[in-house]
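Q: coordinates only, sequence not included:
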């Protein structure tokens, strides 16, 4: 885990119990239980997504139509497989 850079700020959030359980499990699995490190990672990821969004908008936006998106998604995921019934 990287040491903190600069001063820190605290804030509180309110989530439902099931969301808290999911977040806690995620922090336990990937951040040694450190919720602050997890939230910091979420913030860095949001920053990257905002930058990507800006780049796409600056370039004139997405040129994909809904139909092309659906076609690409089906190619990526492949045809749906049929499940065999147990004999």
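A: Great, that's in hand. Just so it is clear, the structure is predicted and the values come from calculations on it, not from any experiment.

Q: hey, which helix is longest across the protein?
A: Determined from DSSP state H, the single longest helix within the chain is helix 35-58.

Q: list the buried ones in that helix?
A: By neighbour count with 16 or more other Cβ atoms under 10 Å, helix 35-58 contains the buried residues 37-38, 40. The C-beta positions use only the backbone N, C-alpha and C, and glycine is treated the same way.

Q: now do stretch 6-24
A: residue 23.

Q: avg pLDDT for stretch 31-45?
A: Averaged over stretch 31-45, pLDDT sits at 96.

Q: between the buried residues of helix 35-58, which is closest to residue 85?
A: Within those, the smallest distance to residue 85 is 42.6 Å, found for residue 38 (Cβ to Cβ).

Q: how much space between that closest one and residue 55?
A: 26 Å (Cβ to Cβ, to the nearest Å).

Q: likewise for residue 67?
A: As for residue 67, its distance to residue 55 is 24 Å (criterion: Cβ to Cβ).

Q: just checking, what packs against the lowest-mean-pLDDT helix or strand in the chain?
A: Every helix and strand of the chain was ranked by mean pLDDT, DSSP states H and E. The lowest is helix 66-77, at a mean of 88. Packed against helix 66-77, as judged by 3 or more Cβ pairs under 8 Å, 6 or more residues apart in numbering; DSSP states H and E, are no other helices or strands.

Q: now the angle from the helix or strand where residue 21 lies to helix 35-58?
A: Residue 21 belongs to helix 17-30 when assigned by DSSP states H and E. Between the direction of helix 17-30 and that of helix 35-58, the angle (axes from the mean of the first three to the mean of the last three Cα atoms, to 10 degrees) works out to 100 degrees.

Q: gap between helix 17-30 and the chain center?
A: Relative to the chain's own centre, helix 17-30 is displaced by 14 Å; criterion: Cα atoms, centre = their mean, to the nearest Å.
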